[in-house]
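Peer 1: Here is a sequence together with a model predicted from it:
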Amino acid sequence: MDKPHKKLDVWKLSIDLVVEIYKLTQLLPHEEKYNLISQMKRAVISIPGNIAEGAARNTKKEFIHFLHIAQGSLSELDTHLDVVRRLKFLQDQDFHFTDGLMERIDKMLTGLIRHEKSAHALRLTSDDRKRSMHGNSNNRR
């Protein structure tokens, strides 16, 4: 199935992050299965899911909204990883690749949001110019 989100590098990287977090959670204590592990998995899977859902929507405004939700899920995951660090469930070296990946995804989401907002603003400005060129025809009745 050829969907628009599959062309986005940020979606591809977020899928890589899902795989990494699933591997990382296998190293956590079994008693965290229904607590921290499930929260981490839920947060990470939400990132590419929201990117995909937003890309499938009809408007740029909706797409931007879902990109913001993906960013929120990324922040939530970051918080869960901070808890894992503080509890010393894993070693610092276990986080290096994941930290870099999360930082890249965050920057890409921010850039994509900016791009979509500027494209949306540009289109609105163009529409306003067209309306002003044609006068206010609705008031002529």
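Peer 2: Nice, I can see it. Residues are numbered from 1 along each chain as shown.
Peer 1: most centrally placed residue in this structure?
Peer 2: Compute the mean C-alpha point of the chain, and by Cα atoms, centre = their mean the closest residue is residue 70, 2.9 Å away.
Peer 1: could you list every residue that touches it?
Peer 2: Shown in contact with residue 70 (Cβ atoms under 8 Å, 6 or more residues apart in numbering): 14, 46-48, 50-51, 54, 109. For the C-beta atoms, the positions are set from N, CA and C on the backbone; glycine is no exception.
Peer 1: Show me where the protein dips below the pLDDT cut-off.
Peer 2: Per-residue confidence for the chain (pLDDT under 70) gives these ranges: 120-141.
Peer 1: Which parts of it are helices?
Peer 2: Assigned by DSSP state H, the helices in the chain fall at 9-25, 38-56, 60-86, 96-133.
Peer 1: ranking those by burial, who's on top?
Peer 2: Comparing the helices of the chain by mean neighbour count (mean count of other Cβ atoms under 10 Å), helix 38-56 ranks first with a mean of 20.
Peer 1: Fine by me, thanks again.
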